Every structure is written in structure tokens, then in C-alpha cells.
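Novice: My questions concern the predicted model and sequence given below.
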Amino acid sequence: MKLDLSTTIAGIKFKNPVLTASGTFGYGDEITDLADVSKLGGIITKTITLKPKEGNPPPRLCEVAGGMLNSIGLQNIGVERFVKEKACVLSKLKTSVIVSIAGKTADEYSKVIGLLKDEKWIKAIELNLSCPNLDKGIVCKDRELVKEIMLRAKETSVFPLIAKLSPDVEDIAELSTFLESLGADAISLINTFPGMAIDIKTLKPKLANITGGFSGPAIKPLALRCVYFAAKTVNIPIIGCGGISFAEDAIEFFLAGASAVSIGTASFIEPKATIDIVKGIENYIKKNKLNSLDEIIGKLKV
Ligand SMILES: Cc1cc2nc3c(=O)[nH]c(=O)nc-3n(C[C@H](O)[C@H](O)[C@H](O)COP(=O)(O)O)c2cc1C
């Protein structure tokens, strides 16, 4: 019997629960020769903004114990070029495509959504609420701004909306509930943790931006805790993300309550990591004589 690895998020049925995390798989078109995207549940594209952004000055990536730091600064080609140059490839991929977007203001988020509205190949929009908003800090720390972004996005969007949150908040479960109350169709947890690294020879920070986002295996227990607490309080699906490198890691996220996972840093180490994770999940389900993924989601015994 064929195993059912499918999962439903924000009303969309994904053939399996493994997605690429935003910003770690390009726009989804560059990596297609490294990993067969048709084997993935879906891809979440690099975050795009209304106008193109150059991002932060280099160096903006550095390896640290247990993961890496990045301060890309949302470098992207902007929504108009994205539609012109990427839609033709993305619309033909044999996988579901979620487009990640960000902005400085609620108006910018809603304008980006408006410019994407005719792109029928887009399955959902991920609102990156975890990016720094110039001098105002991380977007999702500002309740008023989050509320305005969500309400405007709901008005404009023909797509389901997934809110991606930063772990750098006081209470991730409470924030997730807030997003649910504003109409988010799903929650993505989590973006990177704030971090930094110093070169003790030059006495300089390793990133030109001084600080950056910490991702990779070391953040897995922290991310898992966020998913566990949020899953206990919200009724909308959660996409778990943070430090997932192997199928076993993904299974932990499902048990904690995630309905899908997205994989970031692991793909930098092994470009086929996502495909291996799909196979590993399938093997786990077979080995445990289960029929579907649904039988493990939220089944943590406490
Ligand atoms: C180089 C790099 C670029 C990223 N760019 C984005 C981005 O554009 N938008 C976003 O929402 N998250 C971005 N992220 C965060 C990832 O999507 C993910 O949330 C985070 O890395 C944790 O997952 P991981 O430990 O599997 O990498 C980026 C992460 C990395 C490492």
C-alpha cells in the first residue's frame, strides 16, 4: 500500500511535509539541478520586497559551532523582477510554491501581495514578520505593526497567509495566538536567533553587520520548544523550522505538533538533505507500521 505522506496547511494539500526554508534555496530556480524539487512537498522562496534590496555589506555569512550566522539583509530583486523573471520557471515546478514577502510598512506588504495576485501558480504567501524593520527592530515585536500588516494583507490577498515569526519574542505561543486571531491561516516557526561572532585575531566582528541570525543544528531544541508551546495553543497548522538536518529531527517536530517542516542550513551542508529527509520520514512511517503522517502529528506523550 502506498504511504500517505501528504499534509494540509492553510487549505493546501502538500504531497509530503518537507519544504525548503525561505532564503536558503534561492528563488527556487537556481538549485533545481542539485535537488529534484518534484520530490519535495514544496518550496518557500527567498523573501521578496516591493523594491529591490542590495542587502548588507559582506562578509554576511560565517560558520560557527553548531550552525551559521547570516546577515543577508533581505537582498532580493524586488517583486516586479521576481514576477517577470522567476514566474516562468516557478510555475512549471512540480511542487507547491509558497512566496515569502516582507516590507517596511503594512502598505508595502499589501502592495507586494497586490502585485502577485494574478500569479495562479502561487499556493500561499509567507509573511516574513521576523525580519528587522530598519531602526524599529524585528517586525513581530511591534504588535500594532503586526496587526496592521495582517489586516491589510487579509484585505488584499487572494492567497492563504502564513505568518513567519521570530523566536526573539517574550512569548511565542501568545504571539502565535495573536496572529491566529488576526486571520493567519498557518504559522511558520521559527526564523533565526539573534547572534554574533568575533575574530579574536583581528578583534573585529565576523559579520560586517556585527550581528546576524543564528541557524543550524544548535537551534533545534530551541525551535522545537517554540513549536511545542505554539501547537498547544493555536488551532491553525504550524510549519516547524530550525536546525532540522535529518528525518529524525523532522519527526520530533511532527510529534511536537508541526504539520510540515522547512529545511534551511542543512541544504548548505548537503544539497540533497531535503530529499533524504522525505525518504527518512517515509521509512519511519513504514517501520512503525503507520499509514499516514497524521498519525504522528502532535502525538508527543507527556
Ligand atoms: C543564508 C540564510 C538566508 C535566510 N534568508 C531568509 C529570508 O529571506 N526570509 C526568511 O523568512 N528567512 C530567512 N532565513 C531563515 C530560514 O528560513 C530559517 O528560518 C532559519 O535558517 C532556521 O532554519 P535552519 O536552522 O534549518 O536554517 C535565512 C536563513 C539563512 C541561513
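Specialist: Arrived safely. Computed from a prediction, not measured in an experiment: that's the story for all the values here. Residues are numbered from 1 along each chain as shown.
Novice: Check the secondary structure at residue 195 for me.
Specialist: strand (DSSP: H, G, I helix; E, B strand; the rest coil).
Novice: So the helix or strand encompassing residue 100, near the ligand or not?
Specialist: Under the criterion of DSSP states H and E, residue 100 resides in strand 96-101. Yes: judged by C-beta under 6 Å from any ligand atom, strand 96-101 comes into contact with the ligand at residue 100. Heads up, the C-betas are built off the backbone N, CA and C, glycines and all.
Novice: In the helix or strand following that strand, which residues are buried?
Specialist: Counting by DSSP H and E, the element after strand 96-101 in chain order, helix or strand, is helix 106-116. Of the residues in helix 106-116, those buried by neighbour count under the rule 16 or more other C-beta atoms under 10 Å are 106, 108, 109, 110, 111, 112, 113, 115, 116.
Novice: nearest spatial neighbour of the residue in the chain that the ligand sits nearest to, skipping sequence neighbours?
Specialist: Of all residues in the chain, residue 23 sits closest to the ligand, at 1.9 Å by C-beta to the nearest ligand atom. Nearest non-adjacent residue to residue 23, counting by C-beta to C-beta, 6 or more residues apart in numbering: residue 46, 4.9 Å away.
Novice: that older thread, in TSV: the buried residues of helix 106-116, plus pLDDT.
Specialist: Shown next, in TSV, are the buried residues of helix 106-116 (pLDDT from 0 to 100):
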residue	pLDDT
106	96
108	96
109	97
110	97
111	98
112	98
113	98
115	98
116	98
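Novice: what about the chain, any weak spots by pLDDT?
Specialist: Residue ranges of the chain with pLDDT under 70: 1, 31-33, 132-136.
Novice: all helices for it, in order.
Specialist: Under the criterion DSSP state H, the chain contains helices at 78-81, 87-90, 106-116, 143-156, 172-181, 220-233, 247-256, 265-269, 273-287.
Novice: So which of those is nearest residue 137?
Specialist: The closest of these to residue 137 is helix 143-156. By C-beta to C-beta, the value is 10.1 Å.
Novice: List the buried residues in the closest one.
Specialist: Using 16+ other C-beta under 10 Å as the test for burial, helix 143-156 gives 145, 146, 148, 149, 150, 152, 153, 156.
Novice: so what does it touch, helix or strand wise?
Specialist: With contacts taken as 3 or more C-beta pairs under 8 Å, 6 or more residues apart in numbering; DSSP states H and E, helix 143-156 sits against helix 106-116, strand 122-128, strand 161-165, helix 172-181.
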